[in-house]
Every structure is written in C-alpha cells, then in structure tokens.
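In: Dropping a prediction and its sequence here:
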Amino acid sequence: MTSILRGVPLLLVAAPLAATAQDAKPKPEDTERWSPAVPVVTPGRSETASPPSDAIVLFDGKSLDQWVNVKDGAAAGWTVADGIVTVAKEAGNIQTRRSFGSYQLHLEYRIPANVTGMGQARGNSGLFLASTGPGDEGYELQIMDSYRNDTYVNGQAGSIYKQFAPLANPVRKPGEWQSIDVVWDKPTFDATGSVKSPAHVTAFINGVLIQNHVALLGETLYIGKPSYKAYDRAPIKLQAHGDPSPPISYRNIWVRDLN
C-alpha cells in the first residue's frame, strides 16, 4: 500500500509538466501580427522601367538563362511566353546563377485575374533577397495578392515576412502589372560569424515606399524567431509557393550590384 501511495504524487506532477511542454511548442501563429491594419494607398501610373546601363538583366522576356532550379541547379523550368515568365509550381523555387552582396533590384509581377483562394493561399510567391539554402531559407520580401484580401499584416504583400509589416498597401487588383524596387544592404559578420551590422531593406511597390531602411532581425522563418547565419554573397530567389491558386507571372527583372 505504501509503494502505491508514493507513486501517486509522481503521476500528478508528471501530467502538468507534459502539458506545459506541449503548450510551449512553437506555432506559426506565434509570429503572426494582425494589427494595426496597414493603410491602403492608390498608386500612380508609370510605364515599364527600362534597365539602367550598368544593370545586369536577369529576365528580358526571352529566356531564363540567368536562373537555375534551387533543388538541383538544373534549368529553371518555369514557363516563358509572350515576354513574361510564369511560376511552375511543380518545378519549385528558382534562383539566379550569380551571387550578390548589396544591390538595387527591379521586377514586375502580375497576380492572375482569375486568382482564387484567400489569405496566404491567394497569389502567393516571394522575393528572397539572399537565398542562403535549398528550401525557403533566406530573407523574404512577400509577394502575394493583398488587394482586399485579409491576412496577418507582417505576411501581406510588401512585408518582410513574419518581421515587418509594410508602411502602406499600394497594390493593384489582380490582372494588372505591378512593380517592386528594392535596395538590399547585406548583413556583415566578423570572423566568428557574429553579426557586425544587420541587413537593411528599402523597398517600393508601384512607386510607394513600403520599407524604409528597416534593420532585419535575421532570416525568414515560418515558425519561430528569426536569426542570422553568416554568409558573404548569395543568389536572389523567386518562390514557387505551394498554395492551390493560379500561379503569378513576372517580367522585366534587373539588378545593379552595389559592391
């Protein structure tokens, strides 16, 4: 009888401890922020921007020679037709053949007019400003349909994903071309791999400032808190997101290496 009674308190203590450990497991919702809402701004109109004379043209409407598949380094595998490239989700993410440090980048994208879904499952893609791994590792500027489509504010179009909401929401409705311009100041590290200076991003959508030299907290993470790992130069990546909505398209992509 004594041995049975001695075991009872242990069982009573163990159950709350197990529940606490389960509750502490990180969840995607832990890093989603829904307020305050991002103000909607109607952007002005402009013609397609021609690359500057010193730009490296990453997509000119003819081929994806400057890009490779992230998984195996083979041909990019997205669909090129009529001067645009459309995401092929089954092919996966693509990234530039070249690696970059700090740079200025321009691209144009179009959410399909027949886009479906809601929240994050609506026209989702992403611009990874430095692709540091084979999956979704790196630093992501979110691209998705944020035209009258609610989601967490640090995950909508123009956000530094799961870190900083955009200063404004200047996106156009699906079916219209839109532009993104970014200045990427890469992070620097000392000999031990510790951060000397964080990465900074200044970005515009349709000519409207959405990120103003913001200091990043680290690489993009879907679950958990961001952190840095040392690198010097890295490719630029475009995401083939796995949501079921029709894929988005890109055109006129160029970069100026600022090193």
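Out: Thanks, I have the structure now.

In: who touches the most centrally placed residue in the chain in this structure?
Out: Nearest residue to the geometric centre of the chain (Cα atoms, centre = their mean): Glu140, 2.7 Å. Applying Cβ atoms under 8 Å, 6 or more residues apart in numbering to Glu140 gives the contacts 126-129, 160-161, 220, 239. Just so you know, the C-beta spots here come from the backbone N, C-alpha and C atoms, and that holds for glycine as well.

In: Any idea what it is bridged to?
Out: Phe128 (DSSP bridges).

In: I'd like the mean pLDDT over the helix or strand containing Gly126, please.
Out: Assigned by DSSP states H and E, Gly126 belongs to strand 125-128. The average pLDDT within strand 125-128 is 97.

In: Can you give the distance of it from its chain's centre?
Out: The chain centre lies 4 Å from the centre of strand 125-128; the measure is Cα atoms, centre = their mean, to the nearest Å.

In: elements contacting it?
Out: strand 103-110, strand 140-143, strand 237-238 (3 or more Cβ pairs under 8 Å, 6 or more residues apart in numbering; DSSP states H and E).

In: let's see 6 Å
Out: strand 140-143 (3 or more Cβ pairs under 6 Å, 6 or more residues apart in numbering; DSSP states H and E).

In: list the buried ones in the strand it packs on?
Out: Within strand 140-143, the residues scored as buried using 16 or more other Cβ atoms under 10 Å are 140-143.

In: contacting residues for Tyr103?
Out: 184, 255, 257-258 (Cβ atoms under 6 Å, 6 or more residues apart in numbering).

In: Repeat the analysis, applying 10 Å as the threshold.
Out: Contacts for Tyr103 (Cβ atoms under 10 Å, 6 or more residues apart in numbering) come out as 55-56, 129-130, 182-186, 236, 255-259.

In: Write down the beta-bridge partners of it, one by one.
Out: Trp184, Asp257.
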